[in-house]
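kindly return the folded structure for what I paste below:
(2 chains)
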Amino acid sequence: MVLKKLISEAEALLRWVGVEKPLIQPARDPRFGEVTSTSAFALAKSLRRDPRKIAEEFAAKIDLSNARLINSVVAVDGYLNFKVDWQRYSEEILKTVIGQGEDYGKSNIGLGKKIIIEHTSVNPNKALHVGHARNVCLGDTLYRLFSFLGYDVVVLNYIDDSGTQMADVILGFKELGYPLEPPDGARFDAYCGDTVYVEVSRRIEEDPLLAEKRRRIAKLIEERDDEYYRLNREIVEKVLKEQLKTCWRLGARYHILNMESDILSYDLWSEVFKKLIRVGAVYKAESGQKAGCWLLNLSGHPVLGREGDEILVKSDGSTTYVARDIAYGAWKLGDTSRDFKYKVWMRDPWSGEILITDVKGDIEKPLGEAEKVINVIDIRQKRPQEVVRYALELMGLKSDKYIHFGYEVVALSIKDAVKIGYEPEPGQEFVHMSGRRGLYVKTDTLLDMLKEKIKLEVREKHPGWSEEKVEEVSEKIAVGALRYSLIKPDTDKMIILDADEMLKLEGDTGPYLQYSYARACRILEKTTREYSTKAPVELVEEEKQLLRRIAYFPEVVEDVGESLLIKTLSNYAYMLASDFSRFYEKVPVLHVDDVELRKFRVAEVLAFKIVLGNVLRLIGVQPVEEM
RNA sequence: GGGCCCGUAGCUCAGCAUGGAUAGAGCAUCGGCCUUCUAAGCCGGGGGUCGGGGGUUCGAGUCCCCCCGGGCCCGCCA
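Numbering: from 1, shown residues only, chains lettered A, B, ... in the order given. This is a model prediction of the structure:
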């Protein structure tokens, strides 16, 4: 907003001296002023002149009497550096931020538009491990971001309640004598995943007879056998309830739970299949290895075409995962004539209703046309996701709205893997998590480890605090630490989990952000909160830097809305906190005698608190007032 | 074999989408700063052929090509 004003002012100045397409960017170093133009370089070629001369001429010609924020322009080595009147600029920034408060950085570009985000989608037979947590945190941050940008965002969680992984645990409960109640009072999702799933999987590998039994059970579930389907649904819901506790602990919200088995019963596929046939996208293989299968013709696809066509319907008439996902994708894009029915399953901690698909449900909730459909799924599914998108394209749908938000997986460091009994190969540096093999670190386990460590520190710092307060603050810090560390790295980079590294609470971490927030709160607490946006004649460099960063925020948010580069937000949060830390060290607020100056600095702290609070909420790190 | 991704300080990573001025953080290490707003902090030192080579450009960590190293995907599984 204010930065935009500044940039357009600089652009206007350049246009007045004849630059048709002014190039303006924020200066990378304060020595070069606030904004810089490289227009002289761009013009140098066509004019065949020295860019330094061009820049100098512009600088001489620019008339600053019409400028409001800009008070000087100088040419340096071809660059045009614009400096601002800090009294005006800072006042404008502070008025904007304090005036808008929690709305600062929001925009209305999403107004009246819908975005559908699907994330989490963990098989309902186990507890969430840290890899799943990366998905949850990324997906939830997208939800927060687009809500902030004014979109109506619907969050889906796809529950695959009908795969082999369910047959595994049903086999355990039904025929191998695992009790339905966790023996040691453990959480059901953890018990189901850590004990039943892992042990049954191992036994199946050793015993072909059990594999046969599992196949039979999978079929019974699929056919909605009274006994098996009901037990399956019961297990699924029990696990899901526990899984959601972990997700909520991370701060994630959901609106709709889509059960695979329910989706299948609506048979969206047959409709989609007909359409695929009609447009000539699929054909039946008459001979060869895939005889009897219906295949999606990929020959028109630049990349996928080289890898052979994709089976959608197997020779026994059943559909593949990709086929079902195409049907489901068509539903998300609003292209199916039938829609699901729902019932209210429960309320989340923020008292929002969570709907679950139910063939006998009486709630209808048409999604309507979405601007974007974002599917948060790890990068290994890049190819199948592209197949789905391409199929939707062939169906004539707006497939460019269908976005696979891919991210690299979280793996275990060898050190941590060895701790849970893994035997590494020589030279191996990490090992992929595996639910079936019991190779993972649960999200709650890691959060609890973090929390215990934080509690020690909190108790030491605040001997007078009640145990409840210690608990409450430690929980926020633990969650903040985990969320930040999962969101911070580029989604193209694998995270190799190192528990020791993860437990560090200094430097570029979530707690650092919360700490600087808390420090700002302490200052504000000790004033009457009387502030003034009227700036002194001279600002110290640390003040300028803080205000400068604050002014960038709306553009950062808007950029991320375009690029989906979430880490840009965490990056920004760190820079902002860092700028404040330096301000805090160098710039006294309460201990200045000049009342007007004190009031101005209170305004600066207040503005910082607002902006950091806003960005923290975006990335799901809870602001902490005291720590 | 085909495709995609990664490679920046001892370690973990920003910066690359939209090329711009001496390449930045954190951790680790060494040295400073708490009778003054929370030291989960701040300041400073050491540490870099931005994997290698070519190209485009006034200008390349950033764009293009080739190569090397590592990872992932390519199933009548989901």
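
over in the stretch 101-250 of chain A, which residue gets nearest RNA strand B? Let me know.
Using C-beta to the nearest atom of the strand, the single residue of the stretch 101-250 of chain A nearest to RNA strand B is A:Gly163, 3.6 Å away. (Glycine included, C-beta is placed from N, CA and C.)

now that residue: closest residue in space that isn't a chain neighbour?
Leaving aside its sequence neighbours, A:Gly163 sits nearest to A:Asn123 (C-beta to C-beta, 6 or more residues apart in numbering; 6.7 Å).

picking that back up, please give me every residue in contact with the residue of the stretch 101-250 of chain A closest to RNA strand B.
Neighbouring residues of A:Gly163 by C-beta atoms under 8 Å, 6 or more residues apart in numbering: A:123, A:218, A:260.

any idea of the pLDDT on the second one?
pLDDT recorded at A:Ala218 is 93.

so A:Val537 touches A:Gln87, yeah?
Yes - using C-beta atoms under 8 Å, A:Val537 makes contact with A:Gln87 at a distance of 6.9 Å.

more neighbours: these two, which one.
A:Gln87 (15 against 6; other C-beta atoms under 10 Å).

give me the neighbour count for whichever residue of the stretch 501-627 of chain A sits closest to RNA strand B.
Going by C-beta to the nearest atom of the strand, RNA strand B is nearest to A:Gly507 of the stretch 501-627 of chain A, at 2.1 Å. If you count neighbours by other C-beta under 10 Å, A:Gly507 ends up with 8.

so where's the stretch 51-200 of chain A uncertain?
The stretch 51-200 of chain A contains no residues with pLDDT under 70.

tell me which stretches of it form helices.
Remark: helices assigned in the stretch 51-200 of chain A by DSSP state H, counting those that start in this stretch are A:51-61, A:86-100, A:130-148, A:164-175, A:188-190, A:198-206.

deepest-packed of these, please.
With neighbours defined as mean count of other C-beta atoms under 10 Å, the helices of the stretch 51-200 of chain A peak in mean count at helix A:130-148, which reaches a mean of 25.

now do the same contact list for A:Val196.
A:168-169, A:172-173, A:178 are the contacts of A:Val196 under C-beta under 8 Å, 6+ apart.

out of these, who's nearest A:Leu569?
A:Val169 (37.9 Å; C-beta to C-beta).

next up, the contacts around that closest one.
With contact taken as C-beta under 8 Å, 6+ apart, A:Val169 is in contact with A:125, A:192, A:196-197, A:200, A:235.

strands along the stretch 351-500 of chain A, start to end?
Remark: strands assigned in the stretch 351-500 of chain A by DSSP state E, counting those that start in this stretch are A:353-357, A:363-364, A:372-378, A:402-407, A:410-413, A:430-432, A:495-497.

near RNA strand B, which residues of the stretch 351-500 of chain A?
Within reach of RNA strand B by C-beta under 7 Å from any atom of the strand, the stretch 351-500 of chain A has these residues: A:379-384, A:408, A:432, A:454, A:457-458, A:461, A:473, A:477, A:488-490, A:492-496.

so which of those residues belong to helices?
A:382-384, A:454, A:457-458, A:461, A:473, A:477 (DSSP state H).

out of those, which are buried?
Buried by 16 or more other C-beta atoms under 10 Å: A:384, A:454, A:458, A:473, A:477, out of those.

now the third one, nearest residue through space, not along the chain?
Same thing as A:Val458. Per C-beta to C-beta, 6+ apart, closest to A:Val458 is A:Val470, 5.1 Å.

hang on, the earlier thing: how about TSV for the contacts of A:Val169, with distance to RNA strand B added?
Output for the contacts of A:Val169, formatted as TSV (distance: C-beta to the nearest atom of the strand, whole Å):
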residue	distance to RNA strand B
A:Asn125	11
A:Cys192	17
A:Val196	18
A:Tyr197	14
A:Val200	16
A:Ile235	16
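
TSV for those residues, including distance to A:Cys247?
TSV is the format used below for the contacts of A:Val169 (distance: C-beta to C-beta, whole Å):
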residue	distance to A:Cys247
A:Asn125	16
A:Cys192	16
A:Val196	21
A:Tyr197	19
A:Val200	25
A:Ile235	18
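
right, and the pair among the residues you listed with maximum separation?
Pairwise over these, using C-beta to C-beta, the maximum falls at A:Val200 and A:Ile235, 12.7 Å.

measure A:Arg306 to RNA strand B for me?
Taking C-beta to the nearest atom of the strand, to the nearest Å as the measure, A:Arg306 and RNA strand B are separated by 4 Å.

distance of the nearest residue to A:His432 once chain neighbours are set aside from A:Arg202?
Among residues not flanking A:His432 along the chain, A:Ala411 sits closest, at 5.4 Å (C-beta to C-beta, 6+ apart). Going from A:Ala411 to A:Arg202 by C-beta to C-beta, to the nearest Å gives 22 Å.

show me what stretch A:375-386 is in contact with.
Contacts for stretch A:375-386 (C-beta under 8 Å, 6+ apart): A:117-121, A:131, A:135, A:138-139, A:142, A:303-304, A:307, A:321-322, A:325, A:402-409, A:492.

okay, how far is it across that stretch, tip to tip?
Length of stretch A:375-386, first residue to last, C-alpha to C-alpha, to the nearest Å: 12 Å.

that one: which residues count as buried?
Neighbour counts over stretch A:375-386 (16+ other C-beta under 10 Å) mark A:375-379, A:381, A:384-385 as buried.

ok, stretch A:285-295 next?
In terms of neighbour count (16+ other C-beta under 10 Å), stretch A:285-295 has its buried residues at A:290, A:293-295.

for A:Val169, see how far away A:Leu176 is.
From A:Leu176 across to A:Val169, the span is 10 Å (C-beta to C-beta).

shared neighbours of these two, anything?
Common neighbours of A:Leu176 and A:Val169, using C-beta under 8 Å, 6+ apart, are A:Val200.

circling back: neighbours of the residue nearest to A:Gly163, how many?
22.

mind listing what it touches?
Contacts of A:Asn123 (C-beta under 8 Å, 6+ apart): A:160, A:163, A:165-166, A:435.

near RNA strand B, which residues of the stretch 501-627 of chain A are found?
With C-beta under 7 Å from any atom of the strand as the criterion, the stretch 501-627 of chain A meets RNA strand B at residues A:504-509, A:511-512, A:515, A:518-519, A:521-523, A:526, A:559, A:562-563, A:565, A:567-568, A:571, A:574, A:578, A:581-582, A:584-591, A:625-627.
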